[in-house]
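K.L.:
mind folding the following:
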Amino acid sequence: MKQNFNIVAVVSARGGSKGIPGKNIKSLNGKPLVLYSLKSLLKIKEINKIVLSSDSNKILNIAKKFSKKIQLMKRPKRLAVDKTPLTSVVKYTALELEKKGYVADYVLQIAPTCPFIKIQTIKNIIKLLKKGNECVVTLKKIEHEHPYRAKHLNKKNNQFKSFLKNINVEKFISRQDLPTLYCTSGGIYARSFKLLKKFNEKDFNLGKRPIGIVVNDIEAINIDRHIDFDFAELISKKYNLR
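P.N.:
Residues are numbered from 1 along each chain as shown. Purely as a prediction, here's the structure:
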């Protein structure tokens, strides 16, 4: 079994954000959001290369001042629109590295909008990759917005019906009776470079046997809306997470 692996972590931070303008450099408890994930990655010796991909010179300059160990990559405009899948950006980044002679074995797709993922969680993901798994993803337990509670709403008369048709969801009266389910947290998608190359924007590119790492509620925080940012600010100050 191979002992030495080239592991690349790609942080994708777009300049444009409609939900929260300038989100990736917005100050979270006194520090630009994008620096949270970069700071954690710099502490993990198993990661051989850290790349920040952005269309924004401002974001790239902030990272440049933060650490010289971070490789900066300006992405093309076609990969900086609202509907661009992050995996497309990560694939492009890994292929550009390959053109320059650096071939990754595994590529970690890191979302800067999930600032509180623990270093140990990332290390655990890397361990699973080194064991031969081609895809490892962070998951979070579904709590209040359980799929069995999902409804279709008729906007004309406000009447609603259960979204699931083949299951008697009404019998699950108590939250404790609901089956335990998980969803992707959006924080980390880690793949072999071989699998990443197959990404065609038609699915999530998880391979045949994806492995899930369950993160806690704080690690699962994913900042998309203003209320998410406000909550992250509160958590950061309460638990001194910087």
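
K.L.:
tell me the pLDDT at the residue minimising distance to the centre of the chain?
P.N.:
Computing the C-alpha centroid of the chain and ranking residues by Cα atoms, centre = their mean puts Gly187 first, at 2.6 Å. The model reports Gly187 with a pLDDT of 98.

K.L.:
looks to me like it is in a strand.
P.N.:
Yes - according to DSSP: H, G, I helix; E, B strand; the rest coil, Gly187 belongs to a strand.

K.L.:
what pLDDT does the residue of the chain positioned farthest from its centre get?
P.N.:
Here the chain reaches farthest from its C-alpha mean at Asn157, the gap being 38.0 Å by Cα atoms, centre = their mean. Looking at Asn157, its pLDDT is 97.

K.L.:
so how far is Arg149 from it?
P.N.:
21 Å (Cβ to Cβ, to the nearest Å). Every residue, glycine included, has its C-beta placed from N, CA and C.

K.L.:
so the residue nearest to the centre of the chain makes contact with Ile117?
P.N.:
Yes - taking Cβ atoms under 8 Å as the contact criterion, Gly187 and Ile117 are neighbours in contact, 5.0 Å apart.

K.L.:
pull up the overlap in contacts between those two.
P.N.:
Thr138, Val215, Glu219 (Cβ atoms under 8 Å, 6 or more residues apart in numbering).

K.L.:
the first one pairs with what?
P.N.:
Under the criterion DSSP bridges, Thr138 forms beta bridges with Ile213.

K.L.:
burial measure for it, as a count.
P.N.:
Residue neighbour count, defined by other Cβ atoms under 10 Å, stands at 25 for Thr138.

K.L.:
list the contacts of it.
P.N.:
Here Thr138 is in contact with 114, 117, 121, 125, 184-188, 212-215, 219-220 (Cβ under 8 Å, 6+ apart).

K.L.:
can you map out the strands along the protein?
P.N.:
Applying DSSP state E to the chain gives strands spanning 7-12, 27-28, 31-32, 49-54, 70-74, 106-110, 135-141, 151-153, 160-162, 182-192, 211-214.

K.L.:
in the protein, what spans have low per-residue confidence?
P.N.:
1-2 (pLDDT under 70).

K.L.:
domain assignment for it?
P.N.:
7-140+181-238, 143-180 (automatic domain parsing).

K.L.:
how about the helices in this protein?
P.N.:
When assigned using DSSP state H, the helices of the chain occupy the ranges 33-41, 57-66, 86-99, 119-130, 193-196, 226-238.

K.L.:
which of these sits most buried?
P.N.:
helix 33-41 (a mean of 22; mean count of other Cβ atoms under 10 Å).

K.L.:
contacts made by that helix with the rest, please.
P.N.:
9, 11, 13, 23-28, 47, 50, 52, 59, 62-63, 66-67, 70, 110-119, 122, 223, 242.

K.L.:
surely Val11 touches Thr113?
P.N.:
No - look at Val11 against Thr113 with Cβ under 8 Å: they stay out of range, at 10.4 Å.

K.L.:
quick one, which of the helices of the chain is nearest to Glu145?
P.N.:
Glu145 lies closest to helix 226-238 among these, at 14.3 Å (Cβ to Cβ).

K.L.:
now that closest one: how far from the chain's centre is it?
P.N.:
Put simply, helix 226-238 sits 18 Å off its chain's centre (Cα atoms, centre = their mean, to the nearest Å).

K.L.:
from now on call the first residue 29
P.N.:
Shifting the count to begin at 29 puts that one at helix 254-266.

K.L.:
may I have that helix exported as CSV, CA atoms only?
P.N.:
Provided in CSV are the C-alpha atoms of helix 254-266 (Å, rounded to 0.1, in the frame of the first residue of the first chain):
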residue,chain,number,x,y,z
HIS,A,254,-27.6,37.0,7.2
ILE,A,255,-29.2,35.0,10.1
ASP,A,256,-26.6,32.3,9.6
PHE,A,257,-23.8,34.9,9.9
ASP,A,258,-25.4,36.4,13.0
PHE,A,259,-25.6,33.0,14.6
ALA,A,260,-22.0,32.2,13.7
GLU,A,261,-20.9,35.5,15.2
LEU,A,262,-22.7,34.5,18.4
ILE,A,263,-21.2,31.1,18.5
SER,A,264,-17.7,32.4,17.7
LYS,A,265,-17.8,34.8,20.7
LYS,A,266,-19.5,32.4,23.1
